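A.B. asks: what would the 3D arrangement of this be:
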Amino acid sequence: MDIKAGDHIYVYLRQHGIKFTHHGIYIGDNIVIHYWEGKIRRSRLRKEKWLKKRIHKKRHKKYYKAERVIRRAKRRLGEKKYHLIFNNCEHFAYWCKTGKSRSKQVTGRKRIKPLRPIRRVWNKVRRFRL
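C.D. replies: Next up, the predicted model:
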């Protein structure tokens, strides 16, 4: 896969029997910025979870230029506001790339079966918040 600086990338992972996608922003030189272990950090692609997995590139209809995406990602380095439903790695990468904080895994637009119970809770919370 040909990835470029500013790309929203992801891999499929499995942890404790649960399959999910892990997202980040590729900033070049084999480095990704992503939420990991509750903190936004820089990691080398070949030393972390990204190493043994096929890296996918998320495509967006509308998105910022690479320089702005990278600037947005770097500005949040060190942040410790992770929340599985409201602020996860996909929310972060999506926000950096488009300005909108979204997670299709949480809202149900991505069909990963073990997350269905989380989606049910999310839908109840979303209805309650309206």
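
A.B. asks: what about the helices in this protein?
C.D. replies: 66-75, 89-98, 104-107, 116-129 (DSSP state H).

A.B. asks: quick one: end-to-end distance for stretch 71-81.
C.D. replies: Start and end residues of stretch 71-81 are separated by 19 Å (C-alpha to C-alpha, to the nearest Å).

A.B. asks: to clarify, my last question referred to stretch 25-35.
C.D. replies: End-to-end distance for stretch 25-35, by C-alpha to C-alpha: 10 Å.

A.B. asks: what comes up buried for that stretch?
C.D. replies: Neighbour-count burial for stretch 25-35 flags 25-27, 32-35 (criterion: 16 or more other C-beta atoms under 10 Å). Glycine gets a C-beta too; all of them are placed from N, C-alpha and C.

A.B. asks: looking at those, which one is closest to residue 9?
C.D. replies: Closest to residue 9 out of the buried residues of stretch 25-35 is residue 26 (5.0 Å), distances taken as C-beta to C-beta.

A.B. asks: among the helices of the chain, which gets the worst mean confidence?
C.D. replies: Confidence, taken as mean pLDDT, is least for helix 116-129 of these (a mean of 59).

A.B. asks: sweet, I'm off.
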